[in-house]
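> Pasting the sequence and the predicted coordinates here, then a few questions.
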Amino acid sequence: MTAYSVIVALHVTFGTVALATFWLAAVLRKGGRAHVLAGRGYLLAMCGVLLSALPMVGQRVADGRWVAAVFLGYLVVLVATTVWLAWRAVRDKAAPQRYLGGVYRVLMVANPVAGAVVLATGVSMGQPLLMGFSLVGLMIGVDMWRRRRVIPAQPRWWMQEHYGAMVGNGAATHIAFLAIGLPRLLPDIASGTLFYTAWFAPVVLSIAAKSWLDRKYRFTGPQAAMPRAARA
């Protein structure tokens, strides 16, 4: 077994743990100790996924597979962003300005820049997947820019940031399983409609879930627009 195959095995293991702990955290009572522990386990597993993905990007560069390296590097930027936001939103809930510090600003710029690179690569290579998925990074950058103006005045900003990032993490976890892992076992779904569904359906569902949670916790609609004292 080569060193690279060990890294791939670790990557798959971390991804499997992440998928299991994501749903465990999702079904447990929010804010309870079990939920917190499951969430920590999930974020740690995602850190393992990210760290093991870096040498995989390097291997693609060494093999001359530049398009694959660009796309995988882009996915690393997306996942690193949602993992960092989910973690720091809770850690910095009493200090929004610290949350909006240097790392936030770097990620706010890195996502649309990486998305633009992937878009240009997709156009030049005629790759619909790259062109379509590049919009995710562009939208994340725009949303982070918008949110940095809203967060300081929003009482429960950290809650919305946390569950929004975790919904994004969930999309990434399920894309990795459906679009990258599962086709190795079922090669017939590695092309055509099912292939694109595996990539884009989790994104669409995550947007719908985020919208539902915003309404549930009254971050949208007339209630959200009322001053805090009036809501009280």
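All right, it came through fine. Numbering: from 1, shown residues only.

> How are the strands of this protein distributed by residue range?
For the chain, no strands are identified by DSSP state E.

> What mean pLDDT does the biggest helix by length in it get?
The residue-count maximum for a helix in the chain (DSSP state H) belongs to helix 33-62. Averaged over helix 33-62, pLDDT sits at 94.

> buried sites along that helix?
By neighbour count on 16 or more other Cβ atoms under 10 Å, the buried set for helix 33-62 is 35, 38-39, 41-50, 52-53, 55-57, 59-60. Where C-beta positions appear, they are placed from N, C-alpha and C, glycine not excepted.

> Same question for stretch 87-101.
Residues of stretch 87-101 classed as buried: 87, 88, 89, 90, 92, 96, 99, 100 (neighbour count, 16+ other Cβ under 10 Å).

> ok now that stretch, how far from the chain's centre?
Centre-to-centre, stretch 87-101 and its host chain are 18 Å apart (Cα atoms, centre = their mean, to the nearest Å).

> distance between the ends of that stretch?
Using Cα to Cα, to the nearest Å, one end of stretch 87-101 lies 14 Å from the other.

> which residues touch it?
The contact list for stretch 87-101 (Cβ atoms under 8 Å, 6 or more residues apart in numbering) reads 43, 103, 104, 148, 151, 152, 157, 158, 159, 161, 162, 165.

> The same query, at a cut-off of 6 Å, please.
Contact with stretch 87-101 is made by 43, 148, 151, 152, 158, 161, 162, as judged by Cβ atoms under 6 Å, 6 or more residues apart in numbering.

> Mind picking the two most distant members of the residues you listed?
43 and 152 (24.9 Å; Cβ to Cβ).

> Leaving out the residues flanking it, which one is nearest to residue 112?
Counting by Cβ to Cβ, 6 or more residues apart in numbering, residue 141 is the residue found nearest to residue 112 once chain neighbours are left out, at 3.3 Å.

> Same question for residue 55.
Nearest residue to residue 55, sequence neighbours excluded (Cβ to Cβ, 6+ apart): residue 7, at 5.3 Å.

> Same question for residue 59.
Among residues not flanking residue 59 along the chain, residue 4 sits closest, at 6.0 Å (Cβ to Cβ, 6+ apart).

> Give me the pLDDT for the one you found.
Looking at residue 4, its pLDDT is 88.

> How many residues are close by it?
By other Cβ atoms under 10 Å, the residues close to residue 4 number 13.

> buried stuff in stretch 136-143?
Under the neighbour-count criterion of 16+ other Cβ under 10 Å, stretch 136-143 has 136, 137, 138, 140, 141 buried.

> got the contact list for that stretch?
By Cβ under 6 Å, 6+ apart, stretch 136-143 touches 108, 111, 112, 114, 115.

> Okay, now the unreliable bits of this protein?
182-183, 185-191, 221-232 (pLDDT under 70).

> Could you check how far residue 50 is from residue 212?
To residue 212, residue 50 is 28 Å away according to Cβ to Cβ, to the nearest Å.
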